[in-house]
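Undergrad: A predicted structure for the sequence below; I have some questions about it.
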Amino acid sequence: MQLPDYAALFSALFAMTTPTHAAPPRHWTVIVGGATADTSIYANAFFPQAIDIGVGDTVTWTFEGFHNVAFLGGGAAPPFAVPEGDKMYWNPLIFFPAEPGRYSYICGIHSGMRGTVIVKDKAKGTPAAALKRGRAEQAATLAAGRARFANLHVERHGTAFVVPLVGNSRQRYSVLRFTREPLVVPRGATVTWAMRDTFEIHTVTFTNGEKPAQFVVPEPQSSGPPKLLLNPKAIVPTTTTQYDGTGYVNSGMLFPPGNPGKLPSSFRLTLTTPGRFEYWCLIHADVGQRGIIVVR
Ligand SMILES: [Cu+2]
């Protein structure tokens, strides 16, 4: 999913809401997200996580790669994330009070993804040094994710298999893959996909050879950016517990374990028929989150 560039909008708003100042305003950059070249690892973070700026300076958030961030226009004094129904959307209309202080912001989609802007009378560092620090933090995050993926194993207890969906909120990455290799199980085996990631949401969806359904559907608005709607085909779970290799089977959205809403964080299927079956995460199908199960 390609997102429009809102950098200019951010900058314009900052410029509008910051007073004229004796010292020339400086321009800072915060990187949002990032991914490995093969898109298997995503950084769910702001880099640098904390940035010091001076009163009157501007900040641009630069979005890298695919990101599940929805934008909504409008609103008088919007918070960083806008609730709508039971979902949260990122709101680009961010007004920093133009006075010293510590301002936290979050990504409304990825719980736990947060950053801080510290506004001082005069910032100590330089924008170049802050960006370099951001890049270094991002590289460390992606390296940690890559190492985790390299060490990803399906758990097996007899004929029960567990595919962990992993991420790390401290190191701020998510692995957007199910397994490294096709998972081979005996006929009659039960496979559980278990969320172990406190950031992300995924689906487990067998499409029976069909192209995976789009998770978000842009809906044009009379003004401003399109509203992004969640596709019912992706979010409504099917009731299947046994899979014979035919039909459409969907877990619906799987959420971080122990989430406050007690929303589902695992999905289980018994595989009754030999064959090779493809499944997808509909949320991350664009970036190749596809799994293969071979039933023997
Ligand atoms: Cu996913």
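TA: Looks like it arrived, so ask away.

Undergrad: can you pull out the low-pLDDT segments for the stretch 1-150 of the chain?
TA: Along the stretch 1-150 of the chain, segments meeting pLDDT under 70 span 1-23, 65-98, 106-112.

Undergrad: quick one: the strands in it?
TA: Under the criterion DSSP state E, counting those that start in this stretch, strands of the stretch 1-150 of the chain are mapped to 27-33, 41-43, 46-47, 50-54, 58-64, 81-84, 87-90, 101-106, 114-120.

Undergrad: what's the closest of those strands to the ion?
TA: strand 41-43 (9.4 Å; Cβ to the ion). C-beta here means a position set from N, CA and C on the backbone, and glycine is covered the same way.

Undergrad: so how far is the closest one off the chain centroid?
TA: 8 Å (Cα atoms, centre = their mean, to the nearest Å).

Undergrad: residue 124 - how many residues pack around it?
TA: Number of residues near residue 124 (other Cβ atoms under 10 Å) recorded here: 8.

Undergrad: let me see the contact set for it.
TA: By Cβ atoms under 8 Å, 6 or more residues apart in numbering, residue 124 lies in contact with residue 52.

Undergrad: ok, 10 Å please
TA: 52, 54 (Cβ atoms under 10 Å, 6 or more residues apart in numbering).

Undergrad: between the lengthiest helix in the chain and strand 50-54, what angle do the directions make?
TA: The helix that spans the most residues within the chain, counting by DSSP state H, is helix 127-150. Per axes from the mean of the first three to the mean of the last three Cα atoms, to 10 degrees, the angle that helix 127-150 makes with strand 50-54 is 170 degrees.

Undergrad: strand partners (parallel or antiparallel) of the following helix or strand past helix 127-150?
TA: Going down the chain from helix 127-150, the next helix or strand is strand 155-157, by DSSP states H and E. Using DSSP bridges, strand 155-157 pairs in its sheet with strand 160-168 (antiparallel).

Undergrad: report whether the next helix or strand after the partner strand contacts the ion.
TA: Counting by DSSP H and E, the next helix or strand C-terminal to strand 160-168 is strand 173-175. No: using Cβ under 5 Å from the ion, strand 173-175 stays clear of the ion, with a minimum separation of 8.1 Å.

Undergrad: which strands and helices lie in contact with strand 173-175?
TA: Judged by 3 or more Cβ pairs under 10 Å, 6 or more residues apart in numbering; DSSP states H and E, strand 173-175 is in contact with strand 41-43, helix 127-150, strand 160-168.

Undergrad: mind checking which of those is nearest residue 203?
TA: For residue 203, the closest of these is strand 160-168, at 10.4 Å, according to Cβ to Cβ.

Undergrad: residue 144 is in contact with residue 174, correct?
TA: No: using Cβ atoms under 10 Å, residue 174 makes no contact with residue 144, being 11.1 Å away.

Undergrad: which residues sit against stretch 212-222?
TA: Contacts of stretch 212-222 (Cβ under 10 Å, 6+ apart): 1, 68, 70, 72-74, 201, 203, 205, 207, 225-235, 248, 250, 253, 278-286, 289-290.

Undergrad: mind running it again at 6 Å?
TA: For stretch 212-222, the external contacting residues (Cβ atoms under 6 Å, 6 or more residues apart in numbering) are 226-229, 231, 233-234, 280, 282-283, 285.
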